[in-house]
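Q: no sequence for this one, just the structure:
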């Protein structure tokens, strides 16, 4: 059976990995639609290889340039927010791989859900910013949301064949990132180039920085809460530097189910798009003998306060998780632009959260309002910090 | 919903653990029948506590003694092979917990299957001696066999929610027993008292010796082959001294599902008797931080040849696994009786296997014939070895 996929964020790391899987199983998947930003060189290659019916890019200028390169091809090229939402809800697609990085992924994912498409979710911001709302919409539309994040895929696999009432705890593992043992004083001087070098996973820049601050784990805790409809008080984080155990579920009988593997995003992607079956991938088998000992330690909240901000935002609820996320995005962008130091990322997030008046979320507009408010607030903080340095 | 259980081997380690679970969930389980050997003191207690309809003991003398102790109680007391088979097929029981140790467990388990009862199987000899036949009978009777062995329970849990066609490998873990790092020369002088001290599990004597020789893992490989209808060439063994990961399943997408926990047989027992739901047990939660690092290494076939005998018997098939099992039982009994040294166990097994003419198994009589033949052969070898020392 052929499955028609819509791939949002096709030129990123998850997007490329998804297309790698699709190209290996042409009898199982077809690409109906692609969405990306401005990387028209790569997009042109993808269009020629996968023949999507529609492709969306960031703006009309980029669209024109892409059209010029793809003249004679049947693919419709659209642009901007309108184009993105059109691609996300494209009738022919059955499942949407939501892999746009950051808050920009929320609205197209929601559009896809409303168009009754199952979601393979890599964009954690969708759940962080608007988890409750998104889950309600998914129930209403009768669609399912499958996780692509390796931790959430592990949890999803470890829940398979079990009943939710029997779950005692969800345990997310964290590599601890490149600065797990770096003293705080030295982190002051960390460069973006050093911070994006993740020890185990090859990922995009934004996510690599999130891993270095452990904000990614804070976001993942919130994501897990909504994806699995599970109370935050029973979600735990364990540092596991080898990144072999991708996450675990503990049951009421004391049994712990863990999913392990070589770090390779094609595993979680293929599981999400082909569930409940698995695809034969050429990922090297896990060798537990050569991979050395597996170790686990509790996270250090003082060294990595961003993790606790995630728990804090989840507990407070309402608009605070969206604020946390937006402040983080702004701070990480400023750090990558050499505007602020590494340790200022957590400071910007904390201060933005502290000055926010939490509101309950009724509609998606409440989410977008909080997102905009936080970006303005964080932006002002960043400017002040720049003035100082 | 109340489930009526028949418990074969009630005074052993698995039996006692099963009754512990039953006593905690009196609204879920009722004990319809018990079977044990000669431990009438413990049996009397069990009868008074669980009120079974029928109890079987080893012989009529034991039955008389037990009747005297239980006069006035409604429990029917039966004896011998006939009594055991009657208890195993007792109409009121829905599920049989098969926990008699050794070859003696085969016939009552088969009787239970033929009486259309689901099986919770702790008696691995059933599968080692007559796996193919037993599985055919189970299919014919329309019953299921749930594993109680911790490794097989782990595999069963790691298979849950997955399709068998997607399995690449089954990986059984082995603690390596108390002599994992003991040089061969020193093993020569090992006493039964030292050999029964397992580092992680509290078990019966026979199984503790099997663990010290690693014959248990050889038997478990054969058991796994039949329980999961999975080719022996794709079953592997890994030494994991911490006994935290109880076994694993590797899938075609590179994903490895592992089941972990504190070593406590009540976990696997409760999963088998209550599947697909889990029971809240007071087993201490697994603490991966305090349990220290998890390590894995390949088994050493030279130090532990019994493991390879298991693979050998599985590959050759026919009556050889039954011969392997019987020779091992005789050799272990002789060792526990201080008749032969520790390293002679493997010698007796190997020589018995080597002098066996393998036959195909058509009926259960072929199995029993091989079992008897091997006991005689092994007995003669043991006598010769005794003469020498």
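A: On my side now, so go ahead. Bear in mind the structure is a predicted one, so any value in this text is a computation, not a measurement. Numbers count the residues shown, from 1 in each chain, chains lettered A, B, ... in the order given.

Q: Next to chain B, which bits of the stretch 251-389 of chain A? Give me the list.
A: Residues of the stretch 251-389 of chain A lying close to chain B by CB under 8 Å from any CB of the partner chain are A:251-262, A:264, A:266-267, A:270-271, A:276-281, A:283-286, A:288-289, A:292-298. C-beta: built from backbone N, CA, C; applies to glycine.

Q: try 6 Å this time
A: Listed as neighbours of chain B in the stretch 251-389 of chain A under the rule CB under 6 Å from any CB of the partner chain: A:251-261, A:267, A:270, A:278-281, A:283, A:286, A:288-289, A:293-298.

Q: Drop anything exposed from those.
A: By neighbour count, with 16 or more other CB atoms under 10 Å in any protein chain shown, these hold A:251-261, A:267, A:270, A:278-279, A:281, A:283, A:286, A:288, A:294-296 as buried.

Q: Narrow those residues to those in strands?
A: Among those, the ones falling in strands (DSSP state E) are A:251, A:256, A:257, A:258, A:259, A:260.

Q: So which residues of the stretch 1-150 of chain A form helices?
A: A:13-24, A:40-50, A:60-69, A:80-88, A:106-114, A:125-141, A:150-159 (DSSP state H, counting those that start in this stretch).

Q: what do you get for the stretch 151-300 of chain A?
A: A:184-187, A:192-195, A:205-213, A:215-227, A:266-274.

Q: Run through the residues that contact the closest residue to residue A:360 other than its chain neighbours.
A: Taking CB to CB, 6 or more residues apart in numbering or on different chains as the measure, residue A:360 lies nearest to residue A:318, with 4.9 Å between them; neighbours along the chain are not counted. Neighbour list for residue A:318: A:358, A:359, A:360 [criterion: CB atoms under 6 Å, 6 or more residues apart in numbering or on different chains].

Q: Up against chain B, what does the stretch 51-200 of chain A have?
A: Near chain B, when you scan the stretch 51-200 of chain A using CB under 6 Å from any CB, you find A:160, A:161, A:166.

Q: Adding neighbour count and pLDDT, write those out as JSON lines.
A: Listed next are those as JSON lines, based on neighbours: other CB atoms under 10 Å in any protein chain shown; pLDDT from 0 to 100:
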{"residue": "A:160", "neighbour count": "19", "pLDDT": "96"}
{"residue": "A:161", "neighbour count": "18", "pLDDT": "96"}
{"residue": "A:166", "neighbour count": "18", "pLDDT": "98"}
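
Q: so of those, which ones are in strands?
A: Here DSSP E is the test, and those give no hits in strands at all.

Q: Let's have these in JSON lines, adding distance to residue A:143.
A: Listed next are these as JSON lines, based on distance: CB to CB, whole Å:
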{"residue": "A:160", "distance to residue A:143": "19"}
{"residue": "A:161", "distance to residue A:143": "22"}
{"residue": "A:166", "distance to residue A:143": "25"}
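
Q: if you skip the residues just before and after it, what's nearest to residue A:16?
A: residue A:10 is the one closest to residue A:16 (CB to CB, 6+ apart), at 7.7 Å.

Q: Looks like that neighbour contacts residue A:36 (just checking).
A: Yes. Applying CB atoms under 6 Å, one finds residue A:10 in contact with residue A:36, separated by 4.9 Å.

Q: what about those two, which has more around it?
A: residue A:10 (29 against 26; other CB atoms under 10 Å in any protein chain shown).

Q: ok, the more buried one - contacts?
A: Neighbours of residue A:10 in contact, by CB under 6 Å, 6+ apart: A:34, A:36, A:46.

Q: For the first one, name its beta-bridge partners.
A: When bridges are called by DSSP bridges, residue A:34 pairs up with residue A:7, residue A:55.

Q: what about it, neighbour count?
A: Burial measure for residue A:34: 28 neighbouring residues, criterion other CB under 10 Å.

Q: For it, give me its contacts.
A: Applying CB under 6 Å, 6+ apart, the residues contacting residue A:34 are A:7, A:10, A:52, A:55.

Q: Next one: it relative to chain B, how far apart?
A: In this view, residue A:34 and chain B are 24 Å apart by CB to the nearest CB, to the nearest Å.

Q: What's the per-residue pLDDT of that residue here?
A: Residue A:34 carries a pLDDT value of 98.

Q: Please report how far it lies from residue B:145.
A: Residue A:34 is 49 Å from residue B:145, where distance means CB to CB, to the nearest Å.

Q: circling back: tell me the SS of the residue nearest to residue A:360?
A: Recorded secondary structure, residue A:318: coil (DSSP: H, G, I helix; E, B strand; the rest coil).

Q: mind checking how far it is from residue A:128?
A: 13 Å.

Q: List the buried residues for the lowest-mean-pLDDT helix or strand in chain A?
A: In chain A, no helix or strand scores lower on mean pLDDT, DSSP states H and E than helix A:192-195, which sits at a mean of 89. By 16+ other CB under 10 Å, the buried positions in helix A:192-195 come out as A:192, A:195.

Q: which helices and strands does that helix pack with?
A: The criterion is 3 or more CB pairs under 6 Å, 6 or more residues apart in numbering or on different chains; DSSP states H and E, and there are no helices or strands that helix A:192-195 contacts.

Q: can you count the residues close to residue A:231?
A: Neighbours of residue A:231 (other CB under 10 Å): 10.

Q: do the same with residue A:184
A: The local packing of residue A:184 (other CB under 10 Å) involves 10 other residues.

Q: and it, what pLDDT?
A: Confidence for residue A:184, expressed as pLDDT, is 90.

Q: Same question for the one 5 residues further on.
A: In this prediction, residue A:189 carries a pLDDT score of 91.

Q: how close does it get to residue A:284?
A: Residue A:189 sits 36 Å away from residue A:284, taking CB to CB as the criterion.

Q: And for residue A:250?
A: As defined by CB to CB, residue A:250 lies at a distance of 29 Å from residue A:284.

Q: Now do the contacts for residue A:332.
A: A:206, A:209.

Q: where in chain A is pLDDT low?
A: A:198-199, A:201-202, A:388-389 (pLDDT under 70).

Q: if we go to 80?
A: Low-confidence segments of chain A (pLDDT under 80): A:198-204, A:387-389.

Q: domain assignment for it?
A: Split into domains by automatic domain parsing, chain A comes to A:3-147, A:317-389.

Q: Which positions are bridged to residue A:257 in the beta structure?
A: residue A:249, residue B:259.

Q: residues in contact with residue A:262?
A: Residues counted as contacts of residue A:262 (CB under 6 Å, 6+ apart) are A:283, A:284, A:286.

Q: Can you give me the neighbour number for the second one?
A: By the other CB under 10 Å criterion, the neighbourhood of residue A:284 contains 10 residues.

Q: and the gap between the nearest residue to it once chain neighbours are set aside and residue A:285?
A: Using CB to CB, 6+ apart and skipping residues adjacent in sequence, the residue nearest residue A:284 is residue A:262, 5.6 Å away. Plainly put, residue A:262 is 8 Å away from residue A:285 if you go by CB to CB.

Q: Over to residue A:212?
A: Counting by CB to CB - residue A:212 and residue A:285 are separated by 29 Å.

Q: what's the answer for residue A:308, then?
A: The separation that residue A:308 has from residue A:285, given CB to CB, amounts to 37 Å.

Q: Neighbour count for those two, which is higher?
A: Neighbour count, other CB under 10 Å: between residue A:308 and residue A:285, residue A:308 has more, with 17 against 12.

Q: Wait, the more buried one touches residue A:301, no?
A: Yes. If you go by CB under 6 Å, residue A:308 and residue A:301 touch, sitting 4.8 Å apart.

Q: For residue A:174, the count of nearby residues, please.
A: Neighbour tally, residue A:174, other CB under 10 Å: 23.

Q: What are the neighbouring residues in contact with it?
A: Residue A:174 neighbours (CB under 6 Å, 6+ apart): A:217, A:237, A:239.

Q: do residue A:200 as well
A: Residues near residue A:200 by CB under 6 Å, 6+ apart: A:175, A:243, A:263.

Q: Many thanks, we can stop here.
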